[in-house]
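S.K.: Following is a predicted model, sequence given first.
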Amino acid sequence: MLGEGVVQAQTDQPGRPPISLVPSHSVIERQPGQAIVVTCYTDQGHRTIWMYPDGKDVTSAKGRIHVELVQQKGHSLVFEDIRMKDKGNYTCKTTVDNKEYKKSFRLTVIVPTSFNETPEVQESELGQNMTLRCYAQGDPKPSIMWHFNGKPVDDNDKYKILDNGLLIHKVTVEDSGVYECRAYQIATSTSMIKEFKITVRIQHKPTFQTKEGFSDLVYGYVSGVVNLTCHATAEPKPKFEWLKDNKQVVESDSIAIFDEDHSSTLELVLNNDTMFGDYVCKAINKLGTTEKVLVLKEGNRPDPPMEVGDLQATADSVQMKIVPPETGVQLPITGFRVQYVPKQSDTASWEEAKFADFNVESGEVYSLQGLNQDTDYAIRVQSRNAAGYSMASKEMTIRTEKIQAHSVTNSSAMMSSIQSSILMLVMSIISVRQFL
C-alpha cells in the first residue's frame, strides 16, 4: 500500500509533460530509518520504470525498497527504512511514441550529529597545553565552533581551533569551566545545530582562599564554643588535616571536624585555656600540600545589653531600642542577636525561637520585620563580640497590632450622601421645568 500523503496528479491534460514526479522536489532529504514514497505519473497509462542510482531497474514489488502500481497511471517508488547507502539519484523513465522521457530526484540521507566518543569531563594539569576533544560525527560533515562562558572562542595566542578539538595554551585555573562544542550541519533545504557540553578541570595543588565573614584570628572564651574554618580550592578536591603543637587534631567529646569538598571546620568546645593557641589547617592532594595557620585567642564573653526597651509594635513589626554594655578594655560589641517566639502561654518555648542578627548602629534603634498580626511575642536580646554571644537579656512581651478592616459604616454614610445629592439634583430639575 502507498504511504500516507501521496498526491495523485492529473497528468492527462493537454500541454503537460508526459512524465512527472510527486512530490516534485529535485532533492529530497531524509534521515536514516525514515520512509518516503515518490510517485511517477504518465499520460494515458504509459509503462514506467524506476532505476537505482547505479542504473539498474527497481523490480521488487515488496521489501525495504520496492515499486507499486498506481491505478494504471504509473508507479510509486517506496522506501520503508532509509539507510545511508540509499543516497543518490533515482530516475523514472517511460517511452511515448518511441521517445524516451526521464525524471529524476536526488535522495540525500542526513545523519544528525552525534558526540558518542566525546568525554564529558576532560582534565589537564596547571601550566600544560591542553587539547579538548570533540568528536562530532554526521552527514553532511558538521563544522565546529567553540564557546566558553557564553562567548565564541577564536584562534588567538590562547586558543587554536583544530579539526577535532580545541588547543588551549598553558592552562590556568581560570580555564576551568564548561565549554560548548557546537556542530553545524547545512544541507540543501535544512540546517541543524547541536551542542555538547564539556567540563574542563585544571588539576592543581590546594590554594587557600579568604572568604568574607571568616578570619585567621579567632576569639573564644572558656566554656564557649568556637569554629575555625579554612577554605581551599584544589583539583582533585583536597583532603584536610588539623594540627596543634605539631600533633594531629582528632575528634573527641570536645572536638568535631566537618569537611566539605573545599573547606574544613574545626569546632571546639573550650573546656580550658590550653585549647587556645595556633592551629594549622593542611590541604592535601596528589599535586601538593598547602598549610595555613589560624590563631585562637582568649577573649571575654560579652555582657548582655545595658538596656532593651521602648518597644513599639505595628501589625507586622516590632521596633526597639538596644543599648550595648560598657566594654572598657574588653573586646568591643559588634552587634546583637534578637530572639523572638510567639507566646502561647505564660512561658515562651525558646527552643522554637527564631532570631535576627544586627550590626551595631549609631541610632540604637532596631526593627524586627515579618511578624504575624495580633500576636503576643516573647523577645530577648544577646550582645555579640568577636568571642561570641552574651547571656540573653530579660524576656519581654509585646503584642502586634490587629489589621483593621475598612469601616462599613463609613461606606454606608458615603452612599447615603451620594444618594442625597442625586435627589436634590432631580428636584432642582423638576422645579425649573415647572417654572418654565
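M.R.: Sure thing, it's come through.
S.K.: Only C-alpha atoms from now on, for both contacts and neighbour counts.
M.R.: Noted.
S.K.: domain parsing for this structure?
M.R.: The chain breaks down by automatic domain parsing into domains covering 19-109, 112-205, 210-298, 307-399.
S.K.: what's the closest of these to residue 405?
M.R.: Each of the domains of the chain has some distance to residue 405 by Cα to Cα; the shortest is domain 307-399, at 12.7 Å.
S.K.: and the end-to-end length of the closest one?
M.R.: One end of domain 307-399 to the other measures 20 Å (Cα to Cα, to the nearest Å).
S.K.: got it, and stretch 283-301?
M.R.: 32 Å.
S.K.: Next, the buried residues of it.
M.R.: In terms of neighbour count (16 or more other Cα atoms under 10 Å), stretch 283-301 has its buried residues at 283-285, 290-301.
S.K.: Tabulate the domains of the chain in TSV, adding columns for mean pLDDT and distance to residue 405.
M.R.: Below are those laid out as TSV (pLDDT from 0 to 100; distance: least, Cα to Cα, whole Å):
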stretch	mean pLDDT	distance to residue 405
domain 19-109	92	68
domain 112-205	93	53
domain 210-298	95	45
domain 307-399	91	13
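S.K.: burial measure for the closest residue to residue 40 other than its chain neighbours, as a count.
M.R.: Closest residue to residue 40 apart from its sequence neighbours, by Cα to Cα, 6 or more residues apart in numbering: residue 21 at 4.7 Å. Close neighbours of residue 21, defined as other Cα atoms under 10 Å, add up to 23.
S.K.: I'd guessed residue 21 sits against residue 37; true?
M.R.: No: using Cα atoms under 8 Å, residue 21 is not in contact with residue 37; the gap is 10.4 Å.
S.K.: Residue 104 is in contact with residue 25, correct?
M.R.: No: Residue 25 lies out of contact with residue 104 (Cα under 8 Å); the separation is 9.3 Å.
S.K.: okay, the two: which has more neighbours?
M.R.: Neighbour totals were compared for residue 25 and residue 104, and residue 104 leads with 20 against 13 (other Cα under 10 Å).
S.K.: ok but the more buried one is inside a strand, no?
M.R.: Yes: looking at residue 104 with DSSP: H, G, I helix; E, B strand; the rest coil, it is inside a strand.
S.K.: residue contacts, residue 118?
M.R.: Residue 118 makes contacts with 133-136, as judged by Cα atoms under 8 Å, 6 or more residues apart in numbering.
S.K.: Just the closest of those to residue 226, please.
M.R.: Distance to residue 226 across the contacts of residue 118 (Cα to Cα) is lowest for residue 133, with 48.1 Å.
S.K.: what's near enough to touch that closest one?
M.R.: With Cα under 8 Å, 6+ apart, residue 133 has these contacts: 118-119, 164-166.
S.K.: so of the residues you listed, which ones are in strands?
M.R.: 165-166 (DSSP state E).
S.K.: so which of the contacts of residue 133 would you say is closest to residue 154?
M.R.: residue 166 (9.9 Å).
S.K.: ok now do the closest one, which residues does it touch?
M.R.: Neighbouring residues of residue 166 by Cα under 8 Å, 6+ apart: 131-133, 146, 159-160.
S.K.: Can you tell me the closest non-neighbouring residue to it?
M.R.: Using Cα to Cα, 6+ apart, the nearest residue to residue 166 is residue 132, at 5.0 Å.
S.K.: cool, and residue 157?
M.R.: residue 169 (7.7 Å).
S.K.: measure that neighbour to residue 127 for me?
M.R.: With distances taken as Cα to Cα, residue 169 is found 8 Å from residue 127.
S.K.: Comparing the two, which residue is more hemmed in?
M.R.: For residue 169 and residue 127, the more surrounded residue by other Cα under 10 Å is residue 169, and the numbers stand at 17 against 14.
S.K.: list the contacts for the more buried one?
M.R.: Residue 169 neighbours (Cα under 8 Å, 6+ apart): 128-130, 157-159.
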